[in-house]
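# Need the 3D shape of this:
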Amino acid sequence: MNSFRWLLVVSLLFVGCVLFEAKEMTYLRQAQDRANQEEVRERFGPPAVIKSAEAGESIWVYQIREEQAGSRMTAPGTWCDEYVLTFDSQGVLRRWTHQSHFYGGELMPTYCVSDGFNAAS
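Presented below is the predicted three-dimensional model:
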């Protein structure tokens, strides 16, 4: 009986993580290796940064900011999710990364994630 409870708890945690995955991550998982730049632009709009890379690759950076109201248990602030998408020379999405950061007490942070994409490099 004890192992059944453990399995139930683990299953519920897994289902909860899947249910609360960001819609952007769900789309990018499905779009990798098949979506082109136009399809991604239709879905997310224009990127915050576009940079050319080696071998004709193109890097697009999206920054999605969401304000969080404070409560008795949490401080107000801003969540910032950074998605870095890499397209091959034919414009097909090949790789992507995601980072997220919460700025407690800040509603308009100057950067999205502290170790995020650096357009200068």
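# Report the rounded mean pLDDT for stretch 104-119.
Stretch 104-119 carries an average pLDDT of 71.
# Same check on stretch 81-98?
pLDDT averaged over stretch 81-98 gives 96.
# Buried residues, that stretch. List them.
Asp81, Glu82, Tyr83, Val84, Leu85, Thr86, Phe87, Val92, Leu93, Trp96, His98 (16 or more other C-beta atoms under 10 Å). C-beta here means a position set from N, CA and C on the backbone, and glycine is covered the same way.
# Looks to me like the fifth one is in a helix.
No - counting by DSSP: H, G, I helix; E, B strand; the rest coil, Leu85 falls outside a helix, being strand.
# returning to that earlier point: and which of the buried residues of stretch 81-98 is nearest Gln37?
Phe87 (5.7 Å; C-beta to C-beta).
# Pull up the per-residue confidence for the closest residue to that closest one other than its chain neighbours.
Leaving aside its chain neighbours, Phe87 sits nearest to Ser58 (4.5 Å; criterion: C-beta to C-beta, 6 or more residues apart in numbering). Reported pLDDT at Ser58 in the predicted model: 97.
# same thing with the one 4 residues further on?
The predicted structure scores Tyr62 at 96 on the pLDDT scale.
# Wait, a helix at it?
No - secondary structure of Tyr62 (three-state DSSP): strand, not part of a helix.
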